[in-house]
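Peer 1: Sequence first, predicted model second:
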Amino acid sequence: MNILVTGANGQLGREMRIISKENDNRFFFSDVVEAEGVETMLLDMTNAAAVESAVRANDIRCIVNCAAYTNVDKAESDEALCRKLNAEAPKILAEAMKAVGGLLIHISTDYVFGGDPYNTPCREDQKGTPTGVYGRTKLEGEQHIEAVGGKYVILRTAWLYSEFGRNFVKTMLNLTATKPSLQVVFDQAGTPTYAYDLARTIETILEDYTTECPTERYSKTGIYHFSNEGVCSWYDFTKKIAEIAGHTSCDIQPCHSDEFPSPVVRPAYSVLDKTKIKETFGIRIPYWTDSLKICMNNLKNN
């Protein structure tokens with residue numbers, strides 16, 4: 001099967017490149033900009049004609065959409081572009097796959113929640129209550145995909161990090177190594193997600209899809225949650241990063257989120273319930289600290 005990965009030079013896209021090397025499917029990796037050392041098909045996924053052309057020319061039967069507008073704060077003042085990338089583009093991709101009877105695997109976010117005071121893990125059938133432009137546009141993207149009516153798997157994830165690009169783990173590795181003290185918010189709880197683990201789950205879904213060989217419909221079409229197991233605050237996350245790295249000289253203290261003013265209110269509790277994806281695809285999900293150690297070891301060795 002020929003698979004197109006959009007946003008291929010981002011965190012998850014780079015992990016998908018690694019996964020592809022030991023996979024029987026044929027992968028095409030696209031982005032809007034090239035990256036050093038990797039082959040990239042330049043593709044504007046907001047251009048329906050360009051997407052249709054790429055699908056037709058390469059006989060694409062599955063799109064894994066890793067691309068998104070993810071700057072949560074900037075989204076508040078850049079709503080038009082955020083909506084174009086997060087809401088309109090997924091509709092274009094869904095329509096392109098429906099036209100050829102293919103599957104869209106789309107990455108969404110825990111930010112579709114947050115407006116209600118949750119204190120138990122969020123389920124897939126729970127009403128979305130986004131608190132900002134980023135979350136609203138990601139929820140709109142999900143709704144557009146569902147409305148198109150093709151075959152799709154929407155994966156909501158959270159707190160993504162990897163060896164690639166800029167992310168919380170790499171930022172905190174630097175800060176805890178160079179700062180004598182640090183304040184980190186403790187009143188936002190969620191679960192860190194290693195992008196490689198998410199890529200492996202996508203691989204499992206692709207294997208299931210090719211085994212089922214659906215024609216008109218895919219029996220597992222729907223929305224699923226994926227993050228690593230467990231729960232922590234950003235403060236706990238930072239403490240564990242520093243502990244694993246041996247950065248013992250930095251004094252890390254908890255603080256409230258309102259001590260760091262932001263144009264958007266972030267979810268105070270966005271732990272995702274992963275029962276559905278585990279039961280549907282038969283996967284075991286690593287605990288967040290175990291995956292963090294693997295990622296940090298890779299960063300150290302590379």
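Peer 2: Okay, I see it.
Peer 1: wouldn't Asp273 be in contact with Arg123 here?
Peer 2: Yes. Counting by CB atoms under 8 Å, Asp273 touches Arg123, with 4.8 Å between them. Glycine gets a C-beta too; all of them are placed from N, C-alpha and C.
Peer 1: and for those two, which residues touch both?
Peer 2: His225 (CB atoms under 8 Å, 6 or more residues apart in numbering).
Peer 1: Do you have the strands of the stretch 101-250 of the chain handy? List them.
Peer 2: 103-109, 151-157, 160-161, 181-185, 189-190, 193-194, 222-225, 232-233 (DSSP state E, counting those that start in this stretch).
Peer 1: Turn the ones you listed into JSON lines, columns for distance to Lys170 and mean neighbour count.
Peer 2: As requested, the strands of the stretch 101-250 of the chain are exported to JSON lines (distance: least, CB to CB, whole Å; neighbours: other CB atoms under 10 Å):
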{"stretch": "strand 103-109", "distance to Lys170": "20", "mean neighbour count": "25"}
{"stretch": "strand 151-157", "distance to Lys170": "18", "mean neighbour count": "24"}
{"stretch": "strand 160-161", "distance to Lys170": "8", "mean neighbour count": "24"}
{"stretch": "strand 181-185", "distance to Lys170": "15", "mean neighbour count": "17"}
{"stretch": "strand 189-190", "distance to Lys170": "18", "mean neighbour count": "21"}
{"stretch": "strand 193-194", "distance to Lys170": "13", "mean neighbour count": "24"}
{"stretch": "strand 222-225", "distance to Lys170": "25", "mean neighbour count": "20"}
{"stretch": "strand 232-233", "distance to Lys170": "18", "mean neighbour count": "20"}
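Peer 1: what's the closest of the ones you listed to Asn167?
Peer 2: strand 160-161 (4.2 Å; CB to CB).
Peer 1: by contact count, what packs against the closest one?
Peer 2: Here strand 160-161 touches helix 11-20, helix 168-178, strand 193-194, helix 195-212, going by 3 or more CB pairs under 8 Å, 6 or more residues apart in numbering; DSSP states H and E.
Peer 1: Contacts made by it with the rest, please.
Peer 2: 11-12, 167-170, 192-195, 198, 292, 295.
Peer 1: now it, how far from the chain's geometric center?
Peer 2: 8 Å (CA atoms, centre = their mean, to the nearest Å).
Peer 1: Go ahead and confirm Ile205 touches Phe281.
Peer 2: Yes. With contacts counted by CB under 8 Å, Ile205 reaches Phe281, the gap being 6.3 Å.
Peer 1: Among those two, which residue is more densely surrounded?
Peer 2: Ile205 (23 against 16; other CB atoms under 10 Å).
Peer 1: hmm, back to that, mind listing the shared neighbours of Ile205 and Phe281?
Peer 2: Lys220.
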